[in-house]
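>>> Fold the following, please.
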Amino acid sequence: IPVFSSDNAFRYLVEQCELGPRYPGSMEIEQCREYIISKLETTGAIIEEQIFEAEIRGNNLTGINIIARFNPVMGRRILLGAHYDTRPWADKEEDTSLHNTPIIGANDAASGVAVLLGLADLLAEQSPEQFGIDLVFFDLEDMGDYGNNNTWCLGSKYYVETFEERKPEKVIIVDMVGEKNNEIPMEYYSYHNSPTLVKEIWQKARELDYDQFKQKIGSYVYDDHSAFIAAGFNAAVIIDFDYPYWHTLEDTPDKCSALSLQAVGQTLTDIIYSE
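Coordinates of the predicted model:
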């Protein structure tokens with residue numbers, strides 16, 4: 001089983017943040033797409049850009065999901081997903097004058113992408129024997145209105161609505177996994193709907209001695225796994241939602257660590273390369 005490079009993953013997190021805020025409609029999200037695709041192009045994956053339209057607060061926006069398929073002829077598949085868009089509004093800042101300022105999204109966007117890109121590096125070198133892997137980078141996850149689930153996770157909703165192939169055996173979303181002292185409980189909705197998958201992930205983390213994964217059920221988080229679960233997929237999210245800098249201007253790389261990325265990245269590596 002290959003070794004996940006936490007150093008590379010942390011570099012990918014920092015490099016995304018160096019582009020600036022990467023919110024839909026910005027030049028920086030275009031640069032982030034180019035960044036992700038340039039990394040994927042070196043891996044030999046088949047890359048697809050899935051374009052969709054959405055209306056956010058009266059504005060029409062175009063979203064683009066980036067799909068990278070490794071070993072596409074394999075019937076048995078695992079889908080790993082993360083969102084790459086950052087919220088354009090720091091609306092969890094106490095100072096309301098900052099609420100229209102875009103955030104950097106080091107943990108809430110860049111961390112999940114960094115883990116997926118780290119896995120892509122491994123997949124370029126060695127194919128899992130059992131599974132083909134689909135890495136999906138979702139757009140328009142983070143422009144929602146609090147309390148209205150219909151306005152969040154639009155990229156994953158579109159992906160699921162237009163999905164016509166055989167369902168992957170496992171769907172695992174990674175989001176907000178970079179925080180220095182991260183503690184990842186079993187997300188309630190994932191555990192309720194896909195308990196076998198959740199137990200597999202947390203058991204693997206325990207075998208690897210990653211105590212960031214807490215053997216307890218946490219609260220319900222609406223995220224990119226939700227549309228998959230609603231459509232009958234075997235899906236779970238890995239998320240530490242207890243993050244004081246969520247949707248603030250302080251969600252920056254100094255709050256994150258390579259060790260946190262390693263715990264999630266190596267756990268996923270062991271799952272996709274397991275016999």
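>>> Just say helix, strand or coil for the most far-flung residue of the chain relative to its centre.
Most distant from the centre of the chain: residue 97, at 29.5 Å, with distances by C-alpha atoms, centre = their mean. Of the three states, residue 97 takes helix according to DSSP: H, G, I helix; E, B strand; the rest coil.
>>> Please read off the pLDDT at it from the model.
With respect to pLDDT, residue 97 has a value of 98.
>>> Specify the beta-bridge partners of the residue nearest to the spatial centre of the chain.
Taking C-alpha atoms, centre = their mean, the centroid of the chain lies closest to residue 82, which sits 1.8 Å from it. Assessed by DSSP bridges, residue 82 has beta-bridge partners residue 137.
>>> What separation is there between it and residue 217?
22 Å (C-beta to C-beta, to the nearest Å). C-beta: built from backbone N, CA, C; applies to glycine.
>>> before we move on, what about residue 126?
For residue 126 relative to residue 217 (C-beta to C-beta), the value is 34 Å.
>>> Of those two, which one has the most company?
residue 217 (15 against 10; other C-beta atoms under 10 Å).
>>> hang on, isn't the more buried one packed against residue 185?
Yes: between residue 217 and residue 185 there is a contact under C-beta atoms under 8 Å: 6.4 Å.
>>> Would you state the strands of the stretch 1-150 of the chain in chain order?
Listed in chain order, the strands of the stretch 1-150 of the chain (DSSP state E, counting those that start in this stretch) span 46-56, 59-70, 77-83, 132-138.
>>> Can you name the element that comes right after the last one?
Yep, that's strand 132-138 we're talking about. helix 154-161 (DSSP states H and E).
>>> Determine the set of other helices and strands touching that next one.
Using 3 or more C-beta pairs under 8 Å, 6 or more residues apart in numbering; DSSP states H and E, the elements in contact with helix 154-161 are strand 46-56, strand 59-70, strand 77-83, strand 132-138, helix 225-230.
>>> run the last query once more with 6 Å
Helix 154-161 is packed against strand 59-70, helix 225-230, with contacts defined by 3 or more C-beta pairs under 6 Å, 6 or more residues apart in numbering; DSSP states H and E.
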